[in-house]
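Asker: Got a predicted structure here, sequence first:
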Amino acid sequence: MKALIALGSGLLFGVGLSLGGMTDPAKVIAFLDLGGQWDPTLAFVMGGALLLTTPTFRWLLRLKRPMFEQSFYIPTKNDVDSDLVIGSALFGIGWGIAGLCPGPAVVAMYTGAPKVLAFVAAMVAGMWLRDQVALRRHRRQLAAAPQSSPADLSRS
């Protein structure tokens, strides 16, 4: 049942992105072009999403637990670090250049448009590269951390 709900949610999200025009790179670029032929229609799509999402999240978080999980998974990290700044900048640059962001790009893959397929391939490669960098960083941190021996543990 959980997988069916996830599939239905994903399909609903994809249909909403398509109907709202978020999968059309030209429309997105026109929305981002504040100094030129600005197209404000996507602001209404995003505003409509916020009008629905905000009260729904407030209601859901009042529940003791989600329907298909033991607890809610709410992020606790709220600091601004270099990963966040760099990731946000790359996201914005990619959105501005291609007129696509991850969700709409995955939905737009059905078109088979080379630009969309290239964007998704670059996005997947970027996610893989980011994971590799994070893994190396984590390994370096582990190697640099002082190692404790069983004798050290017995003294504490």
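Answerer: Alright, I've got the coordinates. Numbering: from 1, shown residues only.
Asker: Please name the spatially closest residue to the spatially most central residue of the chain (chain neighbours excluded).
Answerer: What sits nearest the mean C-alpha location of the chain, by C-alpha atoms, centre = their mean, is residue 102, with 6.8 Å. Sequence neighbours aside, residue 123 is the residue nearest to residue 102 in space, at 6.0 Å (criterion: C-beta to C-beta, 6 or more residues apart in numbering). From N, CA and C alone the C-beta is placed, and that goes for glycine too.
Asker: residues in contact with that neighbour?
Answerer: Residues counted as contacts of residue 123 (C-beta atoms under 8 Å, 6 or more residues apart in numbering) are 94, 102, 105.
Asker: quick one: it from residue 94, how far?
Answerer: 8 Å (C-beta to C-beta, to the nearest Å).
Asker: And residue 116, by the same measure?
Answerer: Applying C-beta to C-beta, the value for residue 116 to residue 94 is 13 Å.
Asker: Repeat that for residue 88.
Answerer: Taking C-beta to C-beta, one finds residue 88 at 11 Å from residue 94.
Asker: swap in residue 21?
Answerer: Distance of residue 21 to residue 94, computed by C-beta to C-beta: 18 Å.
Asker: Done for today, thanks.
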